[in-house]
Structures are given as C-alpha cells and as structure tokens.
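Q: Return atomic coordinates for the entry below.
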Amino acid sequence: MSIPTVEISGVPDPLPVPVLDVREDFEWEAGHIDGALHIPLSELPARIDEVPEGQFLVACKVGGRSAQAVAWLTANGHEAVNLAGGMLDWAAAGRAMVSESGQAPQVV
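A: Numbering: from 1, shown residues only. Here you go, the predicted model:
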C-alpha cells in the first residue's frame with residue numbers, strides 16, 4: 001500500500017487544507033502549526049469522528065507516526081496526506097508555529 005506523502009517544498013503557504021497533528025501532548029504544547037487539530041496517534045481510532053472531511057495534511061515530529069496515521073485513515077476512507085519530515089522539516093523551512101507554553105515554539 002502506498003502512503004500519500006508530500007515534502008515540505010510541496011506544501012503551499014498558507015495551507016489550503018486542514019492539518020491533523022498526531023504527536024503527544026508535550027510535543028504539541030512545545031510547538032505546532034497554528035489552527036491544527038491535535039489528536040495523538042494512540043487516540044485516533046477513538047476520536048475518528050473529529051477528523052476533518054475532505055483532504056487534510058497529517059504531521060508528527062519526523063513523519064513516521066503520521067505515515068502510520070495516514071495508512072490507517074486512508075484505509076478507513078479518509079483523504080489524508082503525510083507530511084514527510086514532519087514538524088522538524090516544517091520548522092527548518094521557517095514555517096510559522098505557535099506554542100501552548102508561552103515560550104517560543106519549538107519541535108521537541
């Protein structure tokens with residue numbers, strides 16, 4: 001099975017689609033894409049009703065967990081696309097992030 005994937009260079013700015021962040025709470029709090037939906041990978045099956053309709057981007061730290069999420073989501077009828085390189089590539093590309101901690105956003 002092929003996992004739909006996009007490199008950061010192929011992601012328009014501003015984003016034309018919603019973002020689902022599947023990282024853990026502490027990672028989310030340190031820094032994330034503004035407006036993203038946060039559902040940790042382990043909670044995804046139980047919270048599937050919160051997943052956006054139509055196409056959306058899925059992100060994690062490096063792209064592994066988001067690839068797992070995209071595989072599961074596409075097998076369940078969703079139009080999910082994995083962000084290759086995850087939030088590390090997002091931050092390295094200088095894309096905007098926000099944090100929940102009051103500190104400068106960062107990827108942990």
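
Q: Check which element follows the one helix or strand residue 74 maps to along the chain.
A: Secondary structure from DSSP states H and E places residue 74 in helix 64-75. Next helix or strand after helix 64-75 toward the C-terminus (DSSP H and E): strand 79-83.

Q: and that next one, how far from the chain's centre?
A: 8 Å (Cα atoms, centre = their mean, to the nearest Å).

Q: Can you give me the buried ones in it?
A: 80, 81, 82, 83 (16 or more other Cβ atoms under 10 Å). From N, CA and C alone the C-beta is placed, and that goes for glycine too.

Q: returning to what we had before: can I get the helix holding residue 74 as PDB, trimmed to CA atoms?
A: Below are the C-alpha coordinates for helix 64-75, written out as PDB (Å, rounded to 0.1, in the frame of the first residue of the first chain):
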ATOM      1  CA  GLY A  64       6.800   8.100  11.000                       C
ATOM      2  CA  ARG A  65       3.700   8.300  13.200                       C
ATOM      3  CA  SER A  66       1.900  10.500  10.700                       C
ATOM      4  CA  ALA A  67       2.600   7.800   8.000                       C
ATOM      5  CA  GLN A  68       1.000   5.200  10.300                       C
ATOM      6  CA  ALA A  69      -2.000   7.500  10.800                       C
ATOM      7  CA  VAL A  70      -2.300   8.200   7.000                       C
ATOM      8  CA  ALA A  71      -2.200   4.400   6.300                       C
ATOM      9  CA  TRP A  72      -5.000   3.800   8.800                       C
ATOM     10  CA  LEU A  73      -7.000   6.900   7.800                       C
ATOM     11  CA  THR A  74      -6.900   6.100   4.100                       C
ATOM     12  CA  ALA A  75      -7.800   2.500   4.700                       C
END
